[in-house]
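In: sharing a model that was predicted from the sequence below.
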Amino acid sequence: MKIQQNITNEYLAGFVDGEGSFYIGVVPSTETKSHWQVIHFFKVSQNPKGRIVLDTLKKKLGTGSIRPNHKDSDDKSLAFVIRDLKSLDEQVIPFFKELLVIKRHELEQFTRVIELVKRKAHLTKSGIKEILDIAYSMNTQKRKWTKQRILNDISSRIPTDYTPDPANIQ
C-alpha cells in the first residue's frame, strides 16, 4: 500500500486527462414520459497491472465501482465508473475542477449537463435540446441516434409548455 500513498491528486488528474471520460448520452427509455433518458457517467479504464490507480481514485472519491471494462473475454482491462448524480456532483466535479488540463473543457460541459439535470431541465424540450447540443459537442464518437431524431420524437410526447412540478425540483 505504500505505492498508493505516493499517488498524488495531480497524478490522478493526469491519468484521467489521458484515460478518463465524462460521458453524456440520451438513450431510449420506456420509463420516461418522453421515452428518452439522459445518462451521465465518469469512467476511467486501466489494465489489471494498474489497478492500484483505480483503487486509489475510488478511495479518494469515496464512491464508484471497479469492474471489467468490456464483456469481451479477450479484453482484461478494468473500468472505474461513477454514475449516480449526487456523487458526480459532490465528489467527481469538485475533485477534478481545478486539476484537469486536457479535459477541462469536457468537465465544464459535463458540469453544465449535471446542473441542468439537477434542475430537472432534462424534462423539458428546451432542456433536452440544450443537453443534446452539449453532449453531441463533447463526445464525438458516432452516435446511434441523431439529435434531430431524438428531438422529433420528444416533440411528439412533451407539450411545448410543459414545466416540471416545482415540488420535484431539488
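Out: Cool, got the structure. Note that this is a predicted model, so its numbers are computed, not measured.

In: tally of neighbours for the residue lying closest to residue 77 once chain neighbours are set aside?
Out: Of all residues not flanking residue 77 in the chain, residue 69 sits nearest, at 4.1 Å (Cβ to Cβ, 6 or more residues apart in numbering). Every residue, glycine included, has its C-beta placed from N, CA and C. Applying other Cβ atoms under 10 Å, we find 18 residues neighbouring residue 69.

In: shouldn't residue 69 be in contact with residue 78?
Out: Yes - with contact defined as Cβ atoms under 8 Å, residue 69 counts as touching residue 78 (5.9 Å).

In: intersection of neighbour lists for those two?
Out: Common contact partners of residue 69 and residue 78 (Cβ atoms under 8 Å, 6 or more residues apart in numbering): residue 45.

In: where in this protein is pLDDT low?
Out: By pLDDT under 70, the low-scoring segments of the chain are 1-5, 71-73, 139-141, 159-170.

In: start from the N-terminal end of it and give the helices.
Out: Secondary structure of the chain, counting by DSSP state H: helices at 2-5, 9-19, 51-61, 85-87, 93-96, 104-118, 125-138, 147-155.

In: tell me which residue lies nearest the centroid of the protein.
Out: residue 41 (2.6 Å; Cα atoms, centre = their mean).
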